[in-house]
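[1] Provided below for reference: sequence and predicted model.
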Amino acid sequence: MDFVRDSFLHWVKPIHRKLRGRKVHSFLRLIGNRPERATLLDVGGGTGIDGEFVSLYDNFAEVVIVNLHTSPFDALDGPCIRTVHGDARALPFGAQSFDWVFSNAVIEHVGGRQDQIRFANEIRRVALKGYFVTTPNKFFPIEQHTLFPFYQFLPKWAQKKVAPYCLGYLRQYEPINLLSAKELKELFPEAKVASMGCPVLGNGLVAFHSKEPSL
């Protein structure tokens, strides 16, 4: 099973990398590629599968990656990038500590609705200029952690049985609470919420908000 899964993931990896690259491009375009070299907080983030988020970090004077699991990113620590162990539902930073906050596909992992509310409120609290938060689209037919059709609509007992045999990155069951566009908007009421990724029905959603004029 591992051989089949690894072979399949090797085939889809370029697609995954391309979609993530589009997110980086979209974020930089939306903030206007501003030259002042602002600060960035990446909530629950990291370099990505093939370092695709490093190109994002290169656009900021200071980057802080906050994650429950920081060891994979320790090599990034330096004058411009540092990692901080922390819970995204209770960020260890003051209000408006960072110009921009970025978070890719994390909010679906933090817990149930109340945990997601805490997560969203923390991002809104620490962002000075704005934020960019992405998550898989609940209504996209292929669940993106398992790559299993309509996995997100199965009862938990069925997910536990199916998860070990799925071809995606998820190797064993864990709770994943996907969001619809409406639910994401409720968490980030001042944000613009849009689909992204695949045409017609986007495989991802983004909540973007800027306090900067003329964006």
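    Now that the structure is in, tell me what you want to look at.
[2] Average pLDDT for the helix or strand Val133 falls within, rounded please.
    Per DSSP states H and E, Val133 falls inside strand 127-136. In this model, strand 127-136 has a mean pLDDT of 96.
[3] State the mean pLDDT of whichever helix or strand comes after that strand.
    Downstream of strand 127-136, the first helix or strand assigned by DSSP H and E is strand 142-143. Summarised as a single mean, pLDDT over strand 142-143 is 92.
[4] Could you pull out the helices in the protein for me?
    2-30, 54-57, 113-126, 156-162, 181-187 (DSSP state H).
[5] Select, out of these, the one closest to Met196.
    For Met196, the closest of the helices of the chain is helix 2-30, at 6.6 Å, according to Cβ to Cβ. In short, each C-beta sits where N, CA and C put it, glycine included.
[6] wait, which of the helices of the chain is closest to Thr83?
    Checking these against Thr83 by Cβ to Cβ gives helix 54-57 as the closest, at 11.6 Å.
[7] could I have that closest one exported to CSV, CA atoms only?
    Only the C-alpha atoms of helix 54-57 are listed here, as CSV (Å, rounded to 0.1, in the frame of the first residue of the first chain):
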residue,chain,number,x,y,z
VAL,A,54,10.5,30.2,0.7
SER,A,55,9.8,32.5,-2.3
LEU,A,56,7.0,34.1,-0.2
TYR,A,57,9.4,34.7,2.7
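[8] which helices and strands sit right next to that helix?
    Packing partners of helix 54-57 (3 or more Cβ pairs under 8 Å, 6 or more residues apart in numbering; DSSP states H and E): helix 2-30, strand 39-43.
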